[in-house]
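# Dropping a prediction and its sequence here:
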Amino acid sequence: MATAKFETPALKPYPVIPLVAAGAMANTKPFVASAAIQANLGFPGELSEGWEARAIDKMGDLLGKYRSLRVYMDACVHCGACSDKCHYFLGTGDPKNMPVARQDLMRAVYRRHFTFAGKHFPWLVGAVDLDKSVLDDWYSYYHQCSECRRCSVFCPYGIDTAEITMAAREIMDSVGVGQKYANEIIGKVHKIGNNLGLPGPALRDTLEGLEEDVKAETAADVLYPLDVQGAEVLLITPSADFFAEPHVESLIGYGKVFHAAGISWTLSSKASEAGNFGMFIGNYEQLRKIAMRIREAALDLGVKRIVVGECGHAWRVAYSFWNTLVGIGAGGKDPFAIELQQQLDPRYKQPMHICELTHDLIGRGALRFDKEKNDHRIITFHDSCNVARGSRMGDLPGGQFTIPRDIIKAVANRFHDMAPDGTHEATFCCGGGGGLLTDDLMELRVKGALPRMEALKQVADQHGVNFMATICAICKAQFSKVLPYYGFEMGLVGGVHQLVSTAIRLGEHH
Ligand code: SF4
Ligand code: SF4
């Protein structure tokens, strides 16, 4: 049983809006990045004289660049529709974790510096100067938002708190106050190629070990290839897939799908990471620099297709940004983007999600399954925020919801969805997204998982659910850690391709 210095919230049979607990999470904040970590990303190492003016300049810069941010600052009518929609408010009761209050932390400064009323009558419109105590509040509460966008679904104006959080983090980085966890990881990607700092030779050893394990289990020669020139598919997957449980079970599943379908594929030691924490810190330059590795790897290896593994925010970045960021898909116009567009096979989506690939193969009868091999599992599906609300799949609206569920139903007999107020577009965050998957935020992560844990308990009690499938590396890691706090087994979470892996028949090409 997990131990903690805080109290794990009790699971209730149905969702209850908590009593307000002012300041309950005021002292919760992640470790601040050191000067060295900041320097790796080109950010100042600490606050220095005049930071207030530089922060306001940066805010002005972002307001000019992103019209949405200005609209979000101006449009809120404080109707309160979003106030009980954030899992961090539901789990902690801290009123500053209501999305509208989180936005207001920036809105008060915006009004002071960018509106007529705030400049001349600040006391009338709740406008405040940006000083150290306001900055401390920003650091705390903009690191208690997982950028999940659930609140925006319920806002009549579509105000997206996630974008405000990203802007706040970017402003803080620009004056020397960065988050250790996210910025350290971005530094590792630049230096070594993945979030875990796993070097190429260690990756090769790991993949060879996987081939031996799968051979021992199935007698099939399933390959987990690295840096294979001329392979058809380049698979970009979260580095957790290479060794963490349960993630690696999905990687095994991807390999079996490629093997069974007779598709040549490869991983890349240069781009051995699908994750892109540049999005979490709201920094376009970092976002682009991280994504650029993938384009370089695709050009180097001469692949025809780029497929993305089970990772929520990586799929959002791939689906929504890769085209204009680096030219994977239509959009990029520089010579390398054009070269890549000519190289990639136009008959396929570029990029494609591994679930789209598997779903398509199932639809064409190219894969066969023994569904009963999953009969020991009673399965539910957790929609991951960035897939549900930040991207799509397939050709039909809502494909990001139907495609993973279709795959599960094709490979397993026993499936039950959780209650509709916490699935599909209204899904609850796992509690660890948006750069918050760090042990220094354990209390927040456990409490933020409450709404999902309550929905899971319902289907566990009603249907005996014992497996929660998901297609996000962060969700898998977060749930593995927090499930025991709520009395569940940590092994209750796993990937969709873990289920595929269990049921797929090998040795038959169709
Ligand atoms: S984006 Fe998600 S975490 Fe952030 S305030 Fe909205 S609901 Fe909460
Ligand atoms: S739902 Fe939208 S308009 Fe209403 S308080 Fe929340 S952010 Fe403001």
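Perfect, I can see it now. Ligands and ions are numbered 1, 2, ... in the order given.

# quick one: the strands in the stretch 201-350 of the chain?
Assigned strands in the stretch 201-350 of the chain, in chain order: 233-236, 265-266, 305-308 (criterion: DSSP state E, counting those that start in this stretch).

# Among those strands, which comes closest to Y157?
With respect to Y157, and counting by Cβ to Cβ, the nearest of the strands of the stretch 201-350 of the chain is strand 305-308 at 31.5 Å. Just so you know, the C-beta spots here come from the backbone N, C-alpha and C atoms, and that holds for glycine as well.

# So which residues make contact with the closest one?
232-237, 265, 274, 294, 298, 314-315, 318, 328, 344-345, 348, 350-354, 357 (Cβ atoms under 8 Å, 6 or more residues apart in numbering).

# Tell me the buried residues within these.
For the contacts of strand 305-308, a burial check counting by 16 or more other Cβ atoms under 10 Å picks out 232-237, 265, 274, 294, 298, 314-315, 318, 328, 344, 348, 350-354, 357.

# give me the residue from the stretch 351-500 of the chain nearest ligand 1.
C429 (5.9 Å; Cβ to the nearest ligand atom).

# Specify the local secondary structure of that residue.
Secondary structure for C429, judged by DSSP: H, G, I helix; E, B strand; the rest coil, is coil.

# looking at it, it is touching H87, isn't it?
Yes - taking Cβ atoms under 8 Å as the definition, C429 is a contact partner of H87 at 5.3 Å.

# who's more crowded, those two?
Taking neighbours as other Cβ atoms under 10 Å, C429 and H87 compare with C429 leading, 31 against 24.

# Can you tell me the closest non-neighbouring residue to the more buried one?
Leaving aside its sequence neighbours, C429 sits nearest to C148 (Cβ to Cβ, 6 or more residues apart in numbering; 3.8 Å).

# ok, now how distant is the one you found from ligand 2?
15 Å (Cβ to the nearest ligand atom, to the nearest Å).

# give me every residue that touches that residue.
87, 162, 385-386, 389, 429, 433-434.

# Report how many residues lie close to the residue of the stretch 201-350 of the chain found nearest ligand 1.
Using Cβ to the nearest ligand atom, the closest approach of the stretch 201-350 of the chain to ligand 1 is made by F280 at 11.9 Å. Residues near F280, counting by other Cβ under 10 Å, number 28.

# what residues are up against it?
Contacts of F280 (Cβ under 8 Å, 6+ apart): 147, 166, 169, 182, 313, 434-435.

# From those residues, pick out the ones that also neighbour ligand 1.
E147 (Cβ under 6 Å from any ligand atom).

# Adding distance to Q38 and pLDDT as columns, could you present the contacts of F280 in CSV?
Converted to CSV, these look like this (distance: Cβ to Cβ, whole Å; pLDDT from 0 to 100):
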residue, distance to Q38, pLDDT
E147, 21, 98
M166, 18, 98
R169, 13, 98
A182, 11, 98
H313, 22, 97
G434, 20, 98
G435, 15, 98
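
# For the residue in the stretch 251-400 of the chain that ligand 2 sits nearest to, pull up the helix or strand it's in.
Nearest residue of the stretch 251-400 of the chain to ligand 2 (Cβ to the nearest ligand atom) works out as R389 at 15.2 Å. Taking DSSP states H and E as the criterion, R389 maps to helix 385-390.

# Excluding chain neighbours, what is closest to K457?
Closest to K457 by Cβ to Cβ, 6+ apart is L11, at 5.1 Å.

# One more: N40?
Nearest non-adjacent residue to N40 (Cβ to Cβ, 6+ apart): G187, at 4.0 Å.

# neighbours around the one you found, how many?
Residues lying near G187 (other Cβ under 10 Å) number 19.

# go on, V109?
Other residues lying near V109 total 26 when counted by other Cβ under 10 Å.

# distance of it from C145?
For V109, the distance to C145 (Cβ to Cβ, to the nearest Å) stands at 17 Å.

# again with D300
37 Å.

# quick one: which of those two has more around it?
Using other Cβ under 10 Å, the more surrounded residue of D300 and C145 is C145, with 27 against 14.

# Model confidence for that one, exactly?
At C145, the pLDDT value in this model is 98.

# Does it touch D94 like I think?
No - the pair C145 and D94 does not pass the contact test of Cβ under 8 Å, sitting 12.0 Å apart.

# show me what contacts whichever residue of the stretch 151-300 of the chain sits closest to ligand 2?
Taking Cβ to the nearest ligand atom, ligand 2 has its nearest neighbour within the stretch 151-300 of the chain at C155, 3.2 Å off. Neighbouring residues of C155 by Cβ under 8 Å, 6+ apart: 81-82, 99.

# Counting neighbours, which of those comes out on top?
Using other Cβ under 10 Å as the neighbour criterion, P99 leads the contacts of C155 with 29 neighbours.

# and that one, what does it touch?
For P99, the contacting residues are 82-83, 85-86, 89, 151, 155, 161, by Cβ under 8 Å, 6+ apart.

# Grab the two from the residues you listed that are most spread out in space.
Greatest spacing in the contacts of P99, by Cβ to Cβ: F89 and C155 (14.3 Å).

# What is the neighbour count of A388?
Here the number of neighbours of A388 (other Cβ under 10 Å) works out to 26.

# neighbours of the residue of the stretch 401-510 of the chain found nearest ligand 2, just the number please.
Closest contact between the stretch 401-510 of the chain and ligand 2, by Cβ to the nearest ligand atom, is at A426 (14.3 Å). A total of 16 residues lie near A426 under the criterion other Cβ under 10 Å.

# I appreciate the help and will end here.
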